[in-house]
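# the following block contains a protein sequence and its predicted model.
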Amino acid sequence: MATGSINVSVENIFPLIKKFLYSDHEIFLRELISNATDATLKLKHLTSIGEASVEYGNPRIEVKIDKENKTLHVIDQGIGMTGEEVEKYINQVAFSGAEEFLEKYKDSAKDSGIIGHFGLGFYSAFMVAEKVEIITKSFKEEPAVHWICDGSPSYTIEESDKKERGTEIILHIAEDEVEFLEESKIRELLVKYNKFMPIPIKFGTKTETLPKPEDAKEEDPAPTQEVDNIINNPEPAWTKQPTDLKDEDYKSFYRELYPMQFEEPLFHIHLNVDYPFNLTGILYFPKMGQDMNIQKDKIQLYQNQVFVTDNVEGIVPEFLTMLRGVIDSPDIPLNVSRSYLQADGNVKKISSYITRKVADKLSSLFKNSREDYEKKWNDIKIVIEYGMLSEDKFFEKADKFALYPTVDNTYFTYEELMDKIKENQTDKDEKTIILYASDKDEQHSYISAAKDKGYEVLLLDSPIVSHLIQKLETSKEKISFVRVDSDHVDNLIKKEDTAISKLSDEEKEALKEDLEKVIPKEKYTVQLEAMDSNAAPFMITQPEFMRRMKEMQQTGGGGMFGMGGMPEMYNLIVNTNHELIGQIRETKTDKKKERLIKQSLDLARLSQNLLKGEELTNFVQRSFEMIK
Ligand code: ADP
Ligand code: MG
């Protein structure tokens, strides 16, 4: 037996490992299984290039709990270690063997999928174990060795009689970490971190039902057998070639990723690059609808099929964190802070690659199956509009496939929309006004007024649309968006009317005075207009600018913070040609007149959905009074 002292630069590294290395103790299992996987993949590589003359076979990794002895075992059938190698790779902490292996077999091994590169992975076992044993036999013709270390920097090493090739790591779980002796805990960790690792992982057994033999009686129970319980899917869809996968394969992989999710994804994007960085993955567009607060943290980040995190902030552009799926890249530095991450050259490239792939996918869907794309528009628009707002590169691309639906469900691209509106625009060089509504029911009367005049009305109803409009107005030339119920519309729709007022200037003056006695000035600006006698007598509009600013405040961003406390201001358009106005003018008693004006105002407010609470109750009461 030999004894020695583990070669560490810091006097006693173990307390450090235990406390500071990883805040999450649970990752020790990920590290040990990564090592077992590496050891197996190394053997695979060596047999494939003829440097190991052993049978590779169908190796697997086994995880076992021994509750009685308070031990957890990780057993592999990989490359194993000779005594010399244990000395070198285990005793010299922070000397990463994986890195050395990759260095040595640089050209042939770069696609072998080997994981380790921190050089401290193995020692994370001491976060949960008070003693660790390694029993290992190399694929080379050399005796097996047994290494034991109790957490102090001294260890013992001796020969062992292990016959089969591979390594068994035995953790003697510490008193305060006994949760790692629970089957349910270990299963949870295996599923979380190792669900898609490339070597099959056995954990316990399960009962499988077999088909009944032909001569079995009706009441005979079907025979069963105990089979190995394999935790992982060693060949997840993202590691395969897109050409080898059908639509159904992508869907079933989605269900594998999100077993609790019943809704199918709308479409997927298969990512696959190996230069200038390595990245594979599949992203899915879920149905999103209007909900901005859709649960994020649904994209999982892997490195060589090992789960790392479901927080991809900084790696995937913000607007795409609403998507789901997997990205796998060994080129993302992990042990750094998020802010450092965002400054990393590779990460920047990865982020813009993903943005480009998403844009390309949307563009091809739009071009190849426009009808289908239009059907999906409502469920994907939030991501696209958000992307247009936040990434200029994406804006440029999305400008070709972002859609602007009308209230009658015709979908225009920006260019098509311009062509359409300009058809009816007399002066083509003049500013183009784009009318839109945000709610078909609420703005119904305004929409029909605009349509009667032959205007195209868009239906823009996503929560960030005011920001997008603002962005379009500043990046495009000579356009202006105007909501159907805003003040600008007066000019567009009503001024065109050739109706001549029946009232003289003095009569108008008197009418205005009467109205302003009843209508609160701080909220409404009264405007007399001579309109068609069929048009509504009272109409409320809101200044486009003010309403939009308010909306932008509510949805945040765009530098709109700190602009709080915008007053609620409306225009009250009074149609002097309407019969009811004549009636108001002719009413003799002040009280009656006041009631008529109040009632008309409330009706106008009601049609704008502005009448609520006590005011609504009063209105209803007053209405009953009037008809009784
Ligand atoms: P890394 O995986 O980054 O190289 P680790 O501390 O996890 O660092 O492991 C150190 C080295 O110990 C490995 O590179 C490998 O050479 C050796 N090793 C660890 N576990 C095993 C194993 N199960 N089989 C064979 N070698 C192993
Ligand atoms: Mg490792």
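Happy to help now that I have it. Ligands and ions are numbered 1, 2, ... in the order given.
# remind me, longest helix of the protein?
Longest helix in the chain by number of residues (criterion: DSSP state H): helix 345-368.
# tell me what that helix is packed against?
strand 267-273, strand 279-285, helix 370-390, helix 392-398 (3 or more C-beta pairs under 8 Å, 6 or more residues apart in numbering; DSSP states H and E). Any C-beta I mention is one placed from the backbone N, CA and C, and that applies to glycine too.
# I'd like the mean pLDDT over it, please.
Helix 345-368 carries an average pLDDT of 94.
# buried residues in that helix?
346-347, 350-351, 354-355, 357-359, 361-362, 365-366 (16 or more other C-beta atoms under 10 Å).
# cool, and stretch 208-217?
Quick answer for stretch 208-217: no buried residues (16+ other C-beta under 10 Å).
# related to what we said a few turns ago, looking at the helices and strands packed on helix 345-368, which is buried most?
strand 279-285 (a mean of 23; mean count of other C-beta atoms under 10 Å).
# mind listing residues that contact that strand?
Contact with strand 279-285 is made by 237-239, 250, 253-254, 265-273, 299, 320, 323-329, 331, 350, 353-354, 357-358, 376, 379-380, 383, as judged by C-beta atoms under 8 Å, 6 or more residues apart in numbering.
# restrict the buried residues of helix 345-368 to contacts with ligand 2.
Contacts with ligand 2 are made by none of the buried residues of helix 345-368, judged by C-beta under 5 Å from the ion.
# of all the residues you listed, which comes closest to ligand 1?
Distance to ligand 1, by C-beta to the nearest ligand atom, is smallest for Asn346 among the buried residues of helix 345-368, at 19.2 Å.
# export the helices and strands packed on helix 345-368 as JSON lines, with columns for distance to Leu606.
As requested, these are exported to JSON lines (distance: least, C-beta to C-beta, whole Å):
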{"stretch": "strand 267-273", "distance to Leu606": "43"}
{"stretch": "strand 279-285", "distance to Leu606": "40"}
{"stretch": "helix 370-390", "distance to Leu606": "29"}
{"stretch": "helix 392-398", "distance to Leu606": "39"}
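# flag the shaky bits of the stretch 301-450 of the chain, pLDDT-wise.
For the stretch 301-450 of the chain, residues meeting the criterion pLDDT under 70 lie at 334-339.
# how about the closest residue to ligand 2 within it, what does it touch?
Closest residue of the stretch 301-450 of the chain to ligand 2, C-beta to the ion: Val306 (9.9 Å). If a contact means C-beta under 8 Å, 6+ apart, then Val306 has 30, 34, 37, 115, 193-194, 197 as its contacts.
# can you check what angle separates the longest helix of the chain from helix 370-390?
Comparing the axes of helix 345-368 and helix 370-390 via axes from the mean of the first three to the mean of the last three C-alpha atoms, to 10 degrees yields an angle of 150 degrees.
# how far away from the center of its chain is helix 345-368?
15 Å (C-alpha atoms, centre = their mean, to the nearest Å).
# cool, and stretch 597-608?
43 Å.
# what residues of it count as buried?
Neighbour-count burial for stretch 597-608 [16+ other C-beta under 10 Å]: 597, 599-608.
# below-threshold pLDDT in the stretch 451-600 of the chain: ranges please.
For the stretch 451-600 of the chain (pLDDT under 70), the answer is 488-499, 556-566.
# can we see that at 50?
495-497, 558-562 (pLDDT under 50).
# can you give me the strands in it?
457-459, 479-483, 524-529, 538-541, 570-575 (DSSP state E, counting those that start in this stretch).
# report the secondary structure state of Lys163.
Judged by DSSP: H, G, I helix; E, B strand; the rest coil, the three-state class of Lys163 is coil.
# counting neighbours, what do you get for it?
By other C-beta atoms under 10 Å, the residues close to Lys163 number 7.
# again with Val128
Val128 has 23 nearby residues by other C-beta under 10 Å.
# wait, isn't it in contact with His25?
Yes. The pair Val128 / His25 is scored as a contact, 5.5 Å apart, by C-beta atoms under 8 Å.
# what is in contact with those two at once?
Glu177.
# not counting its neighbours along the chain, what's nearest Glu182?
Nearest residue to Glu182, sequence neighbours excluded (C-beta to C-beta, 6 or more residues apart in numbering): Ile65, at 7.9 Å.
# what's in contact with whichever strand or helix holds that neighbour?
Per DSSP states H and E, Ile65 falls inside strand 61-66. Applying C-beta under 8 Å, 6+ apart, the external contacts of strand 61-66 come out as 29, 33, 36-37, 40, 71-77, 181-183, 186, 190, 199-203.
# pull out the buried positions in that strand.
Buried, per 16+ other C-beta under 10 Å, within strand 61-66: 61-63, 65.
# next, the closest residue to Phe277 other than its chain neighbours: secondary structure please.
Take Phe277 and drop its neighbours on the chain: the residue closest to it by C-beta to C-beta, 6+ apart is Asp331, 4.4 Å away. Per three-state DSSP, the local secondary structure of Asp331 is coil.
# just Glu141 next, same as before
Per three-state DSSP, Glu141 ends up coil.
# look up how far Ile384 lies from the most centrally placed residue in the chain.
Closest residue to the average C-alpha location of the chain: Met322 at 2.0 Å, with C-alpha atoms, centre = their mean. To Ile384, Met322 is 11 Å away according to C-beta to C-beta, to the nearest Å.
# cool, and Ile157?
61 Å.
# now Glu218
In terms of C-beta to C-beta, Glu218 sits 59 Å off from Ile384.
# what helix or strand does Tyr193 sit in?
Short version, using DSSP H and E: Tyr193 is in helix 183-194.
# not counting its own residues, what contacts that helix?
26-27, 29-30, 33, 63, 65, 72, 179-180, 201, 203-204, 231-232, 306-307.
# ok now it, how far from the chain's centre?
Using C-alpha atoms, centre = their mean, the offset of helix 183-194 from its chain centre is 25 Å.
# avg pLDDT for that helix?
96.
# beyond that helix, next helix or strand please.
Counting by DSSP H and E, what follows helix 183-194 is strand 201-209.
# alpha carbons of that following strand, as CSV, please.
Listed next in CSV are the C-alpha coordinates belonging to strand 201-209 (Å, rounded to 0.1, in the frame of the first residue of the first chain):
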residue,chain,number,x,y,z
ILE,A,201,-27.7,5.2,-17.4
LYS,A,202,-29.2,2.5,-15.3
PHE,A,203,-30.8,3.3,-12.0
GLY,A,204,-32.7,0.4,-10.4
THR,A,205,-35.0,-1.9,-12.2
LYS,A,206,-38.6,-1.7,-13.3
THR,A,207,-41.4,-4.2,-13.9
GLU,A,208,-42.3,-4.7,-17.5
THR,A,209,-45.5,-6.5,-18.6
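# going by neighbour count, list what's buried in it.
Buried residues in strand 201-209 (16+ other C-beta under 10 Å): 201-203.
# list just the nearest of the residues you listed to ligand 2.
Checking these one by one against ligand 2 (C-beta to the ion), the nearest turns out to be Ile201, at 15.7 Å.
# what bridges to the closest one?
Note on Ile201: beta-bridge partners Ile61, judged by DSSP bridges.
# what's the answer for the one 5 residues further on, then?
Following DSSP bridges, Lys206 is listed with bridge partners Val227.
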